[in-house]
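Q: The following comprises the amino acid sequence and a computationally predicted model.
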Amino acid sequence: MSTTIDYGNLMHRAMRGLIQNVLTDVAKDGLPGQHHFFITFDTMHPDVEIADWLSDRYPEEMTIVMQHWFENLDVTDEGFSVTLNFGDAPEALYVPYEAIRTFVDPSVEFGLRFETQDEEDDEPTPTPVEDDDDAPAEESNGNAEVVSLDKFRK
């Protein structure tokens, strides 16, 4: 038994589970109201599956938008697959939850950011955010503040 509670890892799993639950509902019922998502992920993660031309264009990270048109959303315990439109060219992709860096729903100013720590376990630590700095300028109101859990750690 461990001598400490690994809150970072517990938060990591809980936030990935939240994303899975949201995407599962969207796969079943579609996006409600004005909800839409900006999902930024690590394109170098070994389990990410994207077209070669997308990997060449986005060699480190990529932000996808799930809003007006997407299809074939399939959500599993490990990640999700979806077909998105890139310049009138539908492309299927697969993103494991572990590859996600940010998940933002700007319609309700909700977001999660997974930051990598410099600790020996090198596990990303989720940080709740109110807005996405990486979102396109027209989608960001610029008034939200990032809330870091590091403020509360001893």
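A: That came in fine, so what should we check first?
Q: Keeping just the C-alphas, turn stretch 76-91 into CSV.
A: Output of stretch 76-91 as CSV, limited to C-alpha atoms (Å, rounded to 0.1, in the frame of the first residue of the first chain):
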residue,chain,number,x,y,z
THR,A,76,-14.4,3.3,-26.2
ASP,A,77,-12.8,3.0,-22.8
GLU,A,78,-9.4,3.9,-24.4
GLY,A,79,-10.3,6.7,-26.8
PHE,A,80,-12.6,7.8,-29.6
SER,A,81,-12.7,7.7,-33.4
VAL,A,82,-14.5,10.2,-35.5
THR,A,83,-14.7,11.3,-39.1
LEU,A,84,-14.2,15.0,-39.7
ASN,A,85,-14.2,17.2,-42.7
PHE,A,86,-10.8,18.8,-43.7
GLY,A,87,-11.4,21.1,-46.7
ASP,A,88,-14.1,19.0,-48.2
ALA,A,89,-12.1,15.8,-47.6
PRO,A,90,-13.6,13.5,-44.9
GLU,A,91,-10.9,11.9,-42.8
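Q: ok, residue 114 to residue 103 distance?
A: Distance of residue 114 to residue 103, computed by CB to CB, to the nearest Å: 8 Å. For glycine as for every other residue, the C-beta is placed from the backbone atoms N, C-alpha and C.
Q: Now the closest residue to residue 103 other than its chain neighbours, what are its backbone angles?
A: Nearest residue to residue 103, sequence neighbours excluded (CB to CB, 6 or more residues apart in numbering): residue 112, at 4.7 Å. Backbone torsions for residue 112, taken as degrees, to the nearest 10, come to phi -130, psi 140.
Q: correct me, but residue 84 touches residue 66?
A: Yes: counting by CB atoms under 8 Å, residue 84 does reach residue 66; the two are 7.4 Å apart.
Q: For the residue nearest the centre of the chain, give me its contacts.
A: For the chain, the residue sitting closest to the mean C-alpha position, by CA atoms, centre = their mean, is residue 103 at 3.4 Å. Applying CB atoms under 8 Å, 6 or more residues apart in numbering to residue 103 gives the contacts 19, 37-40, 111-112.
Q: partners of the residue lying closest to residue 64 once chain neighbours are set aside in the sheet?
A: In space, residue 64 comes closest to residue 39 once its chain neighbours are excluded; the distance is 5.2 Å by CB to CB, 6+ apart. Beta-bridge partners for residue 39, by DSSP bridges, are residue 64, residue 103.
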